[in-house]
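A.B. asks: dropping the sequence and predicted coords here.
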Amino acid sequence: MTQGNISKYLVKIGDTVDAGDRIAEIETDKATVDFDVVDAGTVAKFLLPEGTQDVLVGTPMIVLVDDAGDVGAFADFSAPGEAAAAAPAPSAAGPAPAAPTPTPVQAASSPATAAVAPAAAPVQLTGSLPAISGRIYWNETKGW
């Protein structure tokens, strides 16, 4: 299975879910299957509405928070991919816009003349994250 359709959500915003709870019904090309949440939390936002078609596996579809008091903070939240998906597609009849040309950056001739910014501390990850999850994980390096 590489994609599916969100048939319906079985929870609503503000509901508390535990690991293993069913949160949605997903239609695939062969069957309708239950989507189980792998983390406990409170439903704060649906990123994809019911009826969304051809959702790729691994696409974030729901935001869970640990504290029920944080649900309101996600009322206006939208994932970065949502804005691009909501933007209208460019017209097929018109020419495609030219990509901007990157400006080359020249290295400083000597270390004494260049201002050196302190390097960011590397992010240390321990353990592993599940491949498919209903939770959005924040990554300081990538932003997602």
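C.D. replies: Yes, it's here. Note that this is a predicted model, so its numbers are computed, not measured.
A.B. asks: all strands of this protein, in order?
C.D. replies: Under the criterion DSSP state E, the chain contains strands at 3-9, 16-17, 22-27, 32-36, 41-46, 55-56, 62-65.
A.B. asks: just so I know, which of those lies nearest Phe74?
C.D. replies: Distance to Phe74, taken as Cβ to Cβ, is lowest for strand 41-46 among the strands of the chain, at 4.1 Å. All C-beta spots, glycine's among them, are computed from the backbone N, C-alpha and C.
A.B. asks: could you pull up the mean pLDDT of the closest one?
C.D. replies: Taken as a whole, strand 41-46 has a mean pLDDT of 92.
A.B. asks: show me the contacts for Val37.
C.D. replies: Under the criterion of Cβ atoms under 8 Å, 6 or more residues apart in numbering, the contact list for Val37 reads Val17, Asp18, Ala19, Gly20, Asp21, Ile23, Ile62, Leu64, Gly134, Arg135.
A.B. asks: in the chain, where is pLDDT below threshold?
C.D. replies: By pLDDT under 70, the weakly predicted segments of the chain are 81-144.
A.B. asks: helices along that one, start to end?
C.D. replies: Secondary structure of the chain, counting by DSSP state H: helices at 80-86.
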